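Visitor: Give the three-dimensional model of this entry:
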Amino acid sequence: MEVIYTGLRQTPEMVVSAAVQEDVDAIGLSILSGAHMTLFPRVVDLAREAGLTDVIVFGGGIIPDEDVPRLKELGVSAVFTPGTRMDEIIDFIRKNSRRAAQPA
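Guide: A predicted model of the protein is given here:
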């Protein structure tokens, strides 16, 4: 698994642009600012507009439990909150990324 880190304070447009350029299987977002209800759905929308319909978008950070169902309705595949074990996130990506469905 290769990870491409774009750095802090990236706009949704910058994240999706990098995803297109790098031909990613998944977009993982981390946020601590409380702007998850704005930024996560914007990334999902831009990714779909860019033709990344088979790319999963998942996120984590300081996200209230009550926001998780709405984020999923808006197209975020999974939300991981503080305390989530890394192997749980890796397992999710392996099972749900577009290449997971392709034979090895």
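
Visitor: Please report the distance of the residue lying closest to Val24 once chain neighbours are set aside from Arg99.
Guide: With Cβ to Cβ, 6 or more residues apart in numbering as the criterion, Val24 has its nearest non-adjacent residue at 6.1 Å, and that residue is Val55. Placement of C-beta: from N, CA and C, glycine included. Using Cβ to Cβ, to the nearest Å, we find Val55 at a distance of 11 Å from Arg99.

Visitor: repeat for Val57
Guide: 16 Å.

Visitor: before we move on, what about Leu74?
Guide: As judged by Cβ to Cβ, Leu74 and Arg99 stand 24 Å apart.

Visitor: Strands along the protein, start to end?
Guide: Per DSSP state E, the chain carries strands over the ranges 26-31, 56-61, 78-80.

Visitor: which of the ones you listed is buried the deepest?
Guide: strand 56-61 (a mean of 21; mean count of other Cβ atoms under 10 Å).

Visitor: My guess is the residue nearest to Val24 contacts Glu22. True?
Guide: No: assessed by Cβ atoms under 8 Å, Val55 is found out of contact with Glu22, at 10.7 Å.

Visitor: the more surrounded of the two?
Guide: Val55 (21 against 11; other Cβ atoms under 10 Å).

Visitor: What's the per-residue pLDDT of the more buried one here?
Guide: Note on Val55: pLDDT of 96.
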